[in-house]
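Enquirer: Have a look at this fold, sequence not included:
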């Protein structure tokens, strides 16, 4: 049927595991080269503007990390669930609810010192995100309702809730009825950690959470049970792992991480509540989780890559007068290449007709 | 009265003046000007009108400016980065064209004192940051006059996105315009909770028609409402841009945003060094809004009536919110004079003739 | 009063049609054991392809055909990556959505100002002008009838045809289907392409019939709703119809309530369709055994003949 065919390897190839991402990147760059040439742009200059120029300055690197941070944070939380086949795709909503809760704390208490407000904001954000994720968890364990659908529907509800709050109860009284809260006082803002950038302490929170997640997955019994539940649900149940517990832990971890990401955004670069606090981080993080192969280290790398594509898209608009859709085009292509290249881990690709004795 | 021909003449004059002006000076490198847009450019909405003006301004000042834009920039952290990158890459003037860019623009303005910033629709300014907006409600009032004369059911339908002051002002002005010629007229409002969703806008529009509205207007970003009016054989007043080609039998007129005059003026002051941060709120008089040509179904007497009101508004003898201003609960909001700009910006009630209650009113 | 009700029904069906078509396509895909989350992207590609072809040829039905082909072409990309190369289906689908959203915006950019002759609602003089029955039954856009026929067709195919049985067998247990001698990958390819064609058709309905215009992202998330409806329908075609119409009706209800002057914050009203979907799903899912019976057992799991 196809001009190539796949032969299963006896064991996953670790060489291919390392080789797949660079291969995909090369394929994407080649695609970009052709695309830019067809559009009449100098491909080398265009690729430079897209992939190098945005991170050529300290500020640019700060921005790269700033935008990668929520992606890595959310993806880490989601990956815990995904490993156990718990499909939370509602992180965007959990992020929004985390932001609402933390924003409420900030608006009520930001007259007190940062040591009071900021920790409370993080607690509120994590709890609210987890609570929002608890709804699909409860519906799944009690009513068998598919969590893909319920968590997705809750995204729309959460963003409308945020919109309602900033249009109504929490609208800045001094703000001419425009839909946003007042700016938070300095005590509710995360300090900048690198002078001359917007990189703030929220990135440290992200790193801490990623490290903790790695410890949880790799070093604790519950983490082990979660992995087994994903790989062999039957065996896990036989060994006494409760499927309900797996669902709850998977959903709550994802929700809490997304909620914390919401806190990082409003206490970091935004500094107030807006009708929308995330340009789709909750959805982009799903891709980051898979591209990072559901492993914390991989997720960090994937989030940086995804972030670079966003920055490159903006830079391409300024430097090359390309439309903003170029970002989606590149992200989609790269990810498809990357996912396709992963096939090399488990299979050998043979080109040409089937030879005799190919089947093991 | 300012009409299209005057604008064209002004543009031509501006274009002609250029070579003469530049004769006296040594040739200089053109200054770079950035625009930040909140949505994709598109064809008919808020951003497309800014981009049209950008192109006209660039053409009018050819050789002296280069422009570029970044579209689809989310309000939030992304906006600050984009604006900052523009400033860092050498733009001398940056237009940020959405309300949500106010705080990011202000932050970047403080970091780049030598760059000028112009923020649309906000209220915060700085030594190097001005704001600009247009009195769209003036056009809404005029559109209301036409709608008030053309409706047979005395019910107009208004599809709106979010209850922010800009939108509320428009609803109220439209209603007052209608009732100035047709005291029986009522306006029904439906909120879509989304600036851009053609499918939802279509559903909202058809709902209004099913509840008796025979003139529709909208404060959303697509052409769906005008198209729905065309399909349902009712009238429509388009907003943002002239949508006659989407509803040739439906569109009575349109309240169009015209930023080119303003952009040319501002850029010239930057070029000659006389730019000052300002708080511009221009209207019909300044050419920042225009009424689109009438549809063929609008009779001459109605056209004249609207044009008369337009002339009076430009002359300053008519204001859409001249006293008495009554809200739709019967409370007198203004007994004498004219609503101040401040009162307009804080408007949180529906005027008499609008059905229902304003959602965010406390 | 009766006219208002008829109007509501008619508009509900008109608004639900893209959801019905896209969801039915995805339902067939999922029944074959493949999860393609790229519906939004394929819909947009269909919408833009249909629009461009119609602009140039002035033949909307040729546009519809182009949309179907374009949707299927996007699905082919997904099939190569997720079926042949066995990449993770969730991630591949999301990547396909990203690609479709970007690509449609990119190629559609010169066409945002174009106007097309839309596909008009049918008008059969004696029938369409009947008092109540006319608008209720005989005055829809042709694609609305197509969507209902498609639901019937998919139902018959899946549950009452040999080919449908094979497709379901592949979705339930690709290993056994393979052992019996069915070509699992070829069947999954066919299902995925069908899903893409449906998504393309749904996009064309939006850009050529319901809101005849092209603009970036004009589907406004309807692809995601269609995905949700498949789960909501517990993989049964006629329930897709009910789900899509219910969703459309609740969406419409919020506007009716507002136009009637009842005061509730619009954002809270806008939550209703989503909340209703959750509640109904939870209520329908109580019977765990039924859910297990109806959801394809191998959904989302790649299959390779050698493994």
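Expert: That came through, no problem. Since the structure is predicted, the reported quantities are computational estimates derived from the model, not experimental observations.

Enquirer: burial count for residue B:283?
Expert: Using other CB atoms under 10 Å in any protein chain shown, residue B:283 has 18 neighbouring residues. For the C-beta atoms, the positions are set from N, CA and C on the backbone; glycine is no exception.

Enquirer: Over to the one 4 residues further on?
Expert: By other CB under 10 Å, 22 other residues sit near residue B:287.

Enquirer: Now that we're looking at it, what pLDDT does it have?
Expert: We have a pLDDT of 93 for residue B:287.

Enquirer: Are we agreed that it is in a strand?
Expert: No: applying DSSP: H, G, I helix; E, B strand; the rest coil, one finds residue B:287 to be coil, outside a strand.

Enquirer: domains of chain B?
Expert: Per the record, chain B has its domains at B:30-134, B:137-256+B:290-345, by automatic domain parsing.

Enquirer: Looking at the last one now, give me its mean pLDDT.
Expert: This means domain B:137-256+B:290-345. pLDDT averaged over domain B:137-256+B:290-345 gives 94.

Enquirer: The shortest one too?
Expert: Averaging the model's pLDDT scores along domain B:30-134 yields 93.

Enquirer: so how far is it off the chain centroid?
Expert: How far domain B:30-134 lies from its chain's middle: 16 Å, per CA atoms, centre = their mean, to the nearest Å.

Enquirer: quick check, that domain touching chain A?
Expert: Yes: for domain B:30-134, a contact with chain A is found by CB under 8 Å from any CB of the partner chain, at B:34, B:40-41, B:68-78, B:80-82, B:84-86, B:88-89, B:99-100, B:103, B:123.

Enquirer: Among these, the buried ones, what's the ChimeraX command?
Expert: Command for ChimeraX that selects the buried part of these, burial taken from 16 or more other CB atoms under 10 Å in any protein chain shown:
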select /B:34,40,41,68,69,70,71,72,73,74,75,76,77,78,80,81,82,84,85,86,99,100,103
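
Enquirer: start to end distance for stretch C:32-39?
Expert: 16 Å (CA to CA, to the nearest Å).

Enquirer: Can you get me a residue count around residue 160?
Expert: Using chain A. Neighbour tally, residue A:160, other CB under 10 Å: 25.

Enquirer: Hmm, no, I was thinking of chain C.
Expert: Neighbourhood size, residue C:160 [other CB under 10 Å]: 9.

Enquirer: Backbone dihedrals for it, please?
Expert: With angles defined as degrees, to the nearest 10, residue C:160 sits at phi -130, psi 20.

Enquirer: Find me the pLDDT at it, would you?
Expert: If you check residue C:160, the pLDDT there is 94.

Enquirer: Who are the contact partners of the residue of chain C at minimum distance from chain B?
Expert: For chain C, the residue closest to chain B is residue C:266, as judged by CB to the nearest CB, at 3.5 Å. Each residue near residue C:266 by CB atoms under 8 Å, 6 or more residues apart in numbering or on different chains is listed here: B:162, B:163, B:191, B:192, B:193, B:359, C:254, C:258.

Enquirer: Next, format those residues as a markdown table and append neighbour count.
Expert: Formatted as a markdown table, the contacts of residue C:266 follow (neighbours: other CB atoms under 10 Å in any protein chain shown):
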| residue | neighbour count |
| --- | --- |
| B:162 | 23 |
| B:163 | 25 |
| B:191 | 25 |
| B:192 | 27 |
| B:193 | 25 |
| B:359 | 22 |
| C:254 | 25 |
| C:258 | 25 |
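
Enquirer: Inside strands: which ones of those residues?
Expert: Using DSSP state E, the members of the contacts of residue C:266 that fall within strands are residue B:191.

Enquirer: near chain A, which of the contacts of residue C:266 show up?
Expert: B:162, B:163, B:193, B:359.

Enquirer: Tell me the spacing between the second one and chain C.
Expert: This means residue B:163. 8 Å (CB to the nearest CB, to the nearest Å).

Enquirer: Quick check: that residue touching residue B:358?
Expert: Yes: here residue B:163 reaches residue B:358: they are 5.9 Å apart, a contact under CB atoms under 8 Å.

Enquirer: mind listing what's buried in the helix or strand bottoming out on mean pLDDT in chain C?
Expert: The least trusted helix or strand in chain C, going by mean pLDDT, DSSP states H and E, turns out to be helix C:288-294, with a mean of 72. Neighbour-count burial for helix C:288-294, counted by 16+ other CB under 10 Å, picks out residue C:291.

Enquirer: contact partners of it?
Expert: With CB under 8 Å, 6+ apart, helix C:288-294 has contacts from A:144, A:146, C:234, C:235, C:236, C:285.

Enquirer: Filter these down to just the ones in strands.
Expert: Per DSSP E, the subset of the contacts of helix C:288-294 in strands is empty.

Enquirer: biggest separation within these, which pair?
Expert: The distance between the two most remote of the contacts of helix C:288-294 (CB to CB) is 15.7 Å, for A:144 and C:236.

Enquirer: what's across from residue B:118 in the sheet?
Expert: Per DSSP bridges, the residues bridged to residue B:118 are residue B:95, residue B:130.

Enquirer: Now do the same contact list for residue 188.
Expert: With no chain named, the answer covers chain A. Residues near residue A:188 by CB under 8 Å, 6+ apart: A:105, A:106, A:109, A:110, A:114, A:117, A:118, A:121, A:267.

Enquirer: Let me rephrase: I mean chain C.
Expert: Neighbour list for residue C:188: C:32, C:33, C:34, C:79, C:83, C:170, C:303 [criterion: CB under 8 Å, 6+ apart].

Enquirer: Highest neighbour count among those?
Expert: residue C:34 (31 neighbours).

Enquirer: What's the separation between residue A:144 and residue C:35?
Expert: Going from residue A:144 to residue C:35 by CB to CB, to the nearest Å gives 18 Å.

Enquirer: again with residue A:239
Expert: In this view, residue A:239 and residue C:35 are 28 Å apart by CB to CB.

Enquirer: So if I had to pick from these two, which one is more boxed in?
Expert: Shown here are residue A:239 and residue C:35; by other CB under 10 Å, residue C:35 has more neighbours (22 against 11).

Enquirer: what residue ranges in the stretch 201-307 of chain C score low on pLDDT?
Expert: For the stretch 201-307 of chain C, the stretches flagged by pLDDT under 70 are C:306-307.

Enquirer: just the residues of it that are near chain A, which are they?
Expert: Within the stretch 201-307 of chain C, the positions adjacent to chain A are C:216, C:224, C:227-228, C:231-232, C:265, C:267-268, C:270-271, C:274-275, C:277-278, C:281-283, C:285-288, C:291, C:295, C:304, C:306-307 by CB under 8 Å from any CB.

Enquirer: Sketch out the helices for the chain, chain order is fine.
Expert: By default, I'm working from chain A. Using DSSP state H, the helices of chain A run over residues A:14-38, A:43-47, A:58-83, A:91-109, A:114-143, A:147-167, A:202-219, A:221-231, A:233-238, A:243-265, A:281-291, A:296-320, A:325-341, A:343-346.

Enquirer: That was the other one, I meant chain B.
Expert: Residue ranges of the helices in chain B, as given by DSSP H, are B:4-23, B:46-60, B:77-88, B:102-111, B:136-150, B:165-181, B:198-210, B:224-232, B:260-271, B:300-315, B:341-345.
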